[in-house]
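In: A structural model of the following input is requested.
(chains A and B)
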Amino acid sequence: SQTIHQWPATLVQPVGSPLSLECTVEGTSNPNLYWYRQAAGRGLQLLFYSVGIGQISSEVPQNLSASRPQDRQFILSSKKLLLSDSGFYLCAWSALAGDGEQYFGPGTRLTVT
Amino acid sequence: GQQVMQIPQYQHVQEGEDFTTYCNSSTTLSNIQWYKQRPGGHPVFLIQLVKSGEVKKQKRLTFQFGEAKKNSSLHITATQTTDVGTYFCAGQRGTYKYIFGTGTRLKVLA
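Out: As a prediction, the model looks like this:
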C-alpha cells in the first residue's frame, strides 16, 4: 500500500533562518506531488506541484522554493523565513494516471518567531 | 484570479440536524473533489464528481455538481458528532492543478 511521510511534524524557527521540509512517498511510482500551506483556520493554498523529477510548477511567488531530486521525494525550502511563512504545510500525492484523488501527508506545523 | 468560495464559513448544528455546504467557482471546473479535515488532522478524500449535474451518495452524505460545472454542494443528513471537521471542495484547473475552496467548519453539538 502507499504511504506518505512528512517531517518534521512541528518546527519553530526564527525569522531569517533557512527551512527544509521533506516529503517522501512509498508504494507508488511517478506520482504527482504537491505542497500546500494552510494558515490557521483557513483553506489550503497550493504552493508547488511536480509531475516528474526536476519538474516544478510554482503557484505563488514568494520566498519559498521546491525541488524534486528523486521520483518520490519532494522538498520545500526557504533561504530566509518570514513571519508570514508560519502555517501548516501539507504534502500530497496523486497517481499520474489516476482520477486525481490526492492523498495527504500528516503535515508540518511551522511557527516562525 | 481563480477562486473557489465556500459558504457558510462556519456552521454549528445540533446532533441529528442536517447540514449543507456550498462551493462556488468563478470559472468552469473540469471536475470537483470533496475532502474532510478533522481538527488537527490532514484532509482526507471523500469523493470526486465529473459530470454536469452529477449526484453521488455516500451513506448520509449527498454530493451534487452543478449543471454549469461551476458550483457544488455537500449535504449531510442527520449529523453525528463524528461529522465534526472542516469540509473542503477542490476544483481541478488544468491537468494537475487543484484549487481548494475556503472550507466550511462544522461543529456538531450533542
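
In: low-confidence ranges in chain B?
Out: Counting by pLDDT under 70, chain B contains low-confidence ranges at B:1-2.

In: strands along the chain, start to end?
Out: Here I'm looking at chain A. For chain A, applying DSSP state E gives strands covering A:3-7, A:10-13, A:19-26, A:32-38, A:44-52, A:55-58, A:64-70, A:73-78, A:87-94, A:103-104, A:108-112.

In: let me rephrase: I mean chain B.
Out: Taking DSSP E, the strands of chain B run over residues B:4-7, B:10-14, B:19-25, B:32-37, B:44-49, B:55-58, B:61-65, B:71-76, B:85-93, B:97-100, B:104-109.

In: and the last one, which residues are buried?
Out: When burial is assessed from 16 or more other C-beta atoms under 10 Å in any protein chain shown, strand B:104-109 yields the following buried residues: B:104, B:105, B:106, B:108. (Each C-beta comes from the backbone N, C-alpha and C, glycine too.)

In: contact residues of chain B facing chain A?
Out: Residues of chain B lying close to chain A (C-beta under 8 Å from any C-beta of the partner chain) are B:6, B:31, B:33, B:35, B:42-45, B:48, B:88, B:90, B:92, B:96-103, B:105.

In: which among the residues you listed end up buried?
Out: The buried subset of those - by 16+ other C-beta under 10 Å - is B:6, B:31, B:33, B:35, B:42-43, B:45, B:48, B:88, B:90, B:92, B:96-103, B:105.

In: quote the end-to-end distance of stretch B:22-40.
Out: End-to-end distance of stretch B:22-40 (C-alpha to C-alpha, to the nearest Å): 23 Å.

In: same question for it: list its buried residues.
Out: Per 16+ other C-beta under 10 Å, stretch B:22-40 contains these buried residues: B:22, B:23, B:24, B:25, B:29, B:31, B:32, B:33, B:34, B:35, B:36, B:37.

In: again with stretch A:37-52
Out: Under the neighbour-count criterion of 16+ other C-beta under 10 Å, stretch A:37-52 has A:37, A:38, A:43, A:44, A:45, A:46, A:47, A:48, A:49, A:50, A:51 buried.

In: and what of stretch B:73-84?
Out: B:73, B:74, B:76, B:79, B:83.
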